[in-house]
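Engineer: Need a 3D model of the sequence below.
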Amino acid sequence: MSEQGSSDTYEENERVLVHHQGKIYEAKVLKVEHTDTNNKRKRNTLYLIHYQGWKDKYDEWIDSSKMLKLNEKNKELQRKPLSSLKKKPNNNINQQHQQQQQQQQQHHSEESDDGRPTPTPSPSTAGTSTTTTTSTTSTSSTKRKRVDASVQESQRLDLSLPETLRKTLIDDWVFITNDKSLVALPRNPTVSDILDTFQQQHQHLEHVKQFADGIESYFNKALGVMLLYKFERPQFGEMVKLHPNKPMSEIYGAEHLLRLFVKLPDLLTLTELEDKTSVVLSKATEELIKYVEKNASTFFLKEYAPVTTYYSRLAN
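Structural biologist: You can find the predicted model right below:
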């Protein structure tokens, strides 16, 4: 993505407003990263955002198209209900706000599988329009949801990717969404190869075989659902046609396994785990992440493959 949505630039430690899932939230810029593209006249700037009042695990990299300067005019946008914004199509600021909302909603519906953590800020921090009746009838269900969310949060696997792998995720995103290039398939080593060698070298870990088999199973089930960019889907469809009886863990490699690490805590939250199982799983996952980081130079591609004009038309 390029900075087409906004000409503003932001600095580290600057407080900003961020569009997320149709609402606007207050955040802070933690880091600024400039990334070159194949087009020498274009330079992308990415911002590591921390949502105020939320844990660090919800931090994410975004571009300036989702960001607004923190000033009174933009804070007014944050306070207004969405319906009132739609009633003022002639206001340039509101038009930009609506356009950015639509772009973001399209991004989440088509490319929610971008391999990066997606924060879920509380709706209570943004302006909403509700009636007394709706508020009253939804109280009990809201309480139940809060209890369920609290239980899920306590069971959530707490993973932290090292800085080198976070940088790899950013490069992966730029290669595909900006440079319109792809991971050349089949990969060597594959996800299956990586998990096999991990298992062989970590026999001291409790239930390491079951763990490796479980990660591979999660990968095969999650790949087509949440680990692909929209631009990669035609390639995925081709792989399924060419290898109908082969699991995708024997086709794809570390690039897509790394995206699974980001999604794994949310996936496992949906599974009821005993405390002991959760501890074993957490330790084994941390060891696997360390193993992938240690072998990053051989596991990850340094360059992605360019695509044909026909593929570009197909993907877009």
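
Engineer: contacting residues for Leu68?
Structural biologist: Listed by CB atoms under 8 Å, 6 or more residues apart in numbering, the contact partners of Leu68 are Ser6, Asp8, Val16, Leu17, Val18, His19, Ile24, Asn74, Leu77. Backbone N, C-alpha and C define where each C-beta goes, glycine included.

Engineer: bridging residues for the third one?
Structural biologist: Beta-bridge partners recorded for Val16 (DSSP bridges): Ala27, Lys69.

Engineer: on that earlier part again, out of the contacts of Leu68, grab the one that's most surrounded.
Structural biologist: Ile24 (26 neighbours; other CB atoms under 10 Å).

Engineer: Give me the pLDDT for the residue nearest to it when sequence neighbours are not counted.
Structural biologist: Using CB to CB, 6 or more residues apart in numbering and skipping residues adjacent in sequence, the residue nearest Ile24 is Gln78, 4.2 Å away. Gln78 carries a pLDDT value of 70.

Engineer: Help me confirm that Glu12 is found in a helix?
Structural biologist: No - counting by DSSP: H, G, I helix; E, B strand; the rest coil, Glu12 is not found in a helix; it is coil.

Engineer: re the thing from before, least confident of the contacts of Leu68?
Structural biologist: Ser6 (56).

Engineer: pLDDT below threshold where in the stretch 201-316 of the chain?
Structural biologist: Low-confidence segments of the stretch 201-316 of the chain (pLDDT under 70): 268-278.

Engineer: need the strands for it, in chain order.
Structural biologist: 305-306 (DSSP state E, counting those that start in this stretch).

Engineer: ranges for the helices of the protein?
Structural biologist: For the chain, the helices defined by DSSP state H cover 72-79, 82-86, 92-111, 132-137, 139-155, 163-173, 191-201, 208-226, 233-242, 254-269, 275-294, 296-299, 309-315.

Engineer: picking that back up, dump the contacts of Leu68 into TSV; add distance to Val208 as well.
Structural biologist: Formatted as TSV, those follow (distance: CB to CB, whole Å):
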residue	distance to Val208
Ser6	47
Asp8	49
Val16	44
Leu17	46
Val18	40
His19	43
Ile24	45
Asn74	51
Leu77	51
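
Engineer: with those in mind, which one is nearest to Glu216?
Structural biologist: Val18 (35.6 Å; CB to CB).

Engineer: For that closest one, which non-adjacent residue is spatially closest?
Structural biologist: Nearest in space to Val18, with sequence neighbours left out and distances taken as CB to CB, 6+ apart, is Ala27 at 4.6 Å.

Engineer: what's around the one you found, how many residues?
Structural biologist: 28.

Engineer: Please shift the residue numbers so they start at 3 in all later answers.
Structural biologist: Got it, first residue is 3 now, which makes that one Ala29.

Engineer: That one touches Leu50, doesn't it?
Structural biologist: No - at 10.1 Å, Ala29 does not count as touching Leu50 under the criterion of CB atoms under 8 Å.

Engineer: Show the pLDDT at Asn15.
Structural biologist: At Asn15, the model reports a pLDDT of 89.

Engineer: That one: what's it in contact with?
Structural biologist: Contacts for Asn15 (CB under 8 Å, 6+ apart) come out as Lys30, Val31, Leu32.

Engineer: Great, nothing more from me.
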